[in-house]
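[1] Sharing a model prediction with you, sequence too.
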Amino acid sequence: MADQTITLAVDNMSCGHCSGMVQKTLEAIPGLSDICVDLGGKNAKFSTQDPALVEQAIEAVTKAGYPASLK
């Protein structure tokens, strides 16, 4: 199965600390790779082979205080 690139819209990111928190939250989920958080674009991209991890990523980022959804 090939990696899928996923883009999440992430709200409430207003500084480098915020984007760093989103980055750390996503890095803590095994199975995600190529994680890139864009503060200016208010989004986060990552690759995964497991579609179930997409919902897990959305929940984790939202729980960290940055409401996320598929873009």
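    Thanks, I have it. Residues are numbered from 1 along each chain as shown.
[2] For the rest of this, base every contact and every neighbour count on C-alpha atoms.
    Will do.
[3] Can you give me the pLDDT of the residue positioned nearest the centre of the chain?
    What sits nearest the mean C-alpha location of the chain, by CA atoms, centre = their mean, is residue 44, with 4.6 Å. pLDDT for residue 44: 98.
[4] excluding its backbone neighbours, what's nearest it?
    With sequence-adjacent residues excluded and distances taken as CA to CA, 6 or more residues apart in numbering, residue 44 is closest to residue 37, at 4.2 Å.
[5] quick one: residue 57 is in a helix?
    Yes. Looking at residue 57 with DSSP: H, G, I helix; E, B strand; the rest coil, it is inside a helix.
[6] before we move on, the earlier item: quick check, the residue nearest to the centre of the chain in a helix?
    No. Residue 44 is assigned strand when assessed by three-state DSSP, not a helix.
[7] re the thing from before, give me the sheet partners of the host helix or strand of the residue nearest to residue 44 and which way each runs.
    Per DSSP states H and E: residue 37 is located in strand 33-38. Using DSSP bridges, strand 33-38 pairs in its sheet with strand 43-48 (antiparallel).
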